[in-house]
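In: just the structure for this:
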Amino acid sequence: MSDDAILFEVTDGLARVTLNRPARLNAVDPDAIARWQSLAHEIAERDDIGAVLFDANGRAFCAGGDVIAMSQLAAGEADAGAVITGLADRIHDGHRTLRESAKPIVAAVQGPVAGGGLGFMLVADLIVASERATFASRYADVALTPDCGVSTLLPEAIGTRRALELTLTSRTLSAAEALEWGLVTEVVAAEALAARARQIAESWLLGATGAFGQAKRLVRSGLERPFAEALDDEARTIGAAFESPQAQAAIAAFGARAAASKEAADAGSR
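Out: A predicted model of the protein is given here:
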């Protein structure tokens with residue numbers, strides 16, 4: 001296996017992004033952060049990628065930032081805070097790029113998620129969790145504040161009150177609780193996780209891939225802009241989709257089914 005901090009491969013339109021620092025619970029260090037930012041832009045820009053599967057190696061999904069590695073990098077710097085801010089900015093650029101892209105993302109969460117790991121997980125559009133997964137904030141354990149988009153993505157997923165409870169206490173959610181709170185999309189047995197996440201990703205590729213991607217983009221961006229702007233974007237996007245060969249074929253098939261159904265109903269009424 002490669003020793004890259006994040007593994008990446010593209011097969012038949014499916015990009016797979018795998019956090020690969022299992023000995024550090026997939027906490028991201030400066031090398032992983034740089035690769036995350038670079039991969040986010042590559043995924044967004046490549047026309048041969050239609051969907052993304054996001055997973056991790058080892059027993060944990062992601063423990064957020066590697067505080068020890070970041071402390072070592074900042075040691076001796078005149079402005080250590082600026083070093084950490086710069087690293088956070090690179091993570092955030094990757095997150096923003098993936099959220100704004102027209103590439104639907106499914107995450108397969110096999111184990112614990114903590115701190116900034118919540119932000120990495122919540123970049124995904126659908127989240128399938130193993131029944132063994134757990135979810136916690138843990139920022140206060142190291143006297144730090146949310147990053148990786150957690151202050152926005154967490155309340156967006158579970159509401160402000162619950163986001164505050166998770167952030168301001170030591171509470172850890174089980175997979176079942178995370179599902180009840182709306183933090184994840186579904187929970188499956190550990191042995192079924194990989195297959196279920198891949199099934200979702202492949203369904204996007206086998207269906208109306210372009211429409212899935214644009215629908216994701218519209219929903220994600222609609223939360224962050226004026227309603228009138230969202231409506232204009234919707235109108236342009238559905239117009240472009242209507243002209244696509246895939247849509248024309250699907251509409252023709254729908255019309256044929258409707259005509260056949262009406263003919264059968266007319267025949268039955270005679």
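In: what about the most centrally placed residue in the chain, distance to Leu118?
Out: For the chain, the residue nearest the mean C-alpha position is Ala124 (0.9 Å; Cα atoms, centre = their mean). For Ala124, the distance to Leu118 equals 11 Å [Cβ to Cβ, to the nearest Å]. (Glycine included, C-beta is placed from N, CA and C.)
In: run through who's touching the lengthiest helix in the chain.
Out: For the chain, the helix that runs over the most residues, judged by DSSP state H, is helix 245-269. Contact partners of helix 245-269, identified using Cβ atoms under 8 Å, 6 or more residues apart in numbering, comprise 208-211, 241-242.
In: starting at the chain centroid, how far to it?
Out: The chain centre lies 36 Å from the centre of helix 245-269; the measure is Cα atoms, centre = their mean, to the nearest Å.
In: for stretch 171-191, same thing?
Out: 15 Å.
In: ok, back up a step: pull the contacting residues for the residue nearest to the centre of the chain.
Out: Ala124 touches 52, 54, 105-107, counting by Cβ under 8 Å, 6+ apart.
In: at 10 Å instead, please
Out: 17, 52-55, 98-99, 104-109, 184-185, 197 (Cβ atoms under 10 Å, 6 or more residues apart in numbering).
In: name the SS class of it, please.
Out: coil (DSSP: H, G, I helix; E, B strand; the rest coil).
In: so which helix or strand takes in the residue lying closest to Ala124 once chain neighbours are set aside?
Out: Once flanking residues are discounted, Ala124 sits nearest to Ala107: 3.5 Å by Cβ to Cβ, 6 or more residues apart in numbering. Taking DSSP states H and E as the definition, Ala107 sits inside strand 105-109.
In: in terms of secondary structure, what does the helix or strand that comes right after that strand contact?
Out: Downstream of strand 105-109, the first helix or strand assigned by DSSP H and E is strand 113-114. Applying 3 or more Cβ pairs under 10 Å, 6 or more residues apart in numbering; DSSP states H and E, we find strand 113-114 packed against helix 117-122, strand 134-136, strand 172-174.
In: need the winner for burial among those.
Out: Each of the helices and strands packed on strand 113-114 was scored by mean neighbour count; the highest is helix 117-122, a mean of 27, by mean count of other Cβ atoms under 10 Å.
In: so what does Ser130 look like in phi/psi?
Out: Reported as degrees, to the nearest 10, the phi and psi values for Ser130 are phi -70, psi 150.
In: now do the contacts for it.
Out: Here Ser130 is in contact with 61, 108-111, 175, 184, 187-194, 196 (criterion: Cβ under 10 Å, 6+ apart).
In: mind checking pLDDT for it?
Out: As predicted, Ser130 sits at a pLDDT of 98.
In: do the one 5 residues further on as well
Out: pLDDT, the model's per-residue confidence, is 98 for Phe135.
In: go on, Arg270?
Out: 63.
In: same question, Glu243
Out: Note on Glu243: pLDDT of 81.
In: same check on Gly111?
Out: pLDDT at Gly111 comes out at 98.
In: do the one 4 residues further on as well
Out: Gly115 is assigned 93 on the pLDDT scale.
In: next one: phi and psi at it?
Out: phi 50, psi -130.
In: my guess is it meets Val142, correct?
Out: Yes. The pair Gly115 / Val142 is scored as a contact, 8.3 Å apart, by Cβ atoms under 10 Å.
In: out of the two, which sits in the busier spot?
Out: Neighbours around Gly115 and Val142, counted as other Cβ atoms under 10 Å, are more numerous at Gly115. The numbers are 25 against 11.
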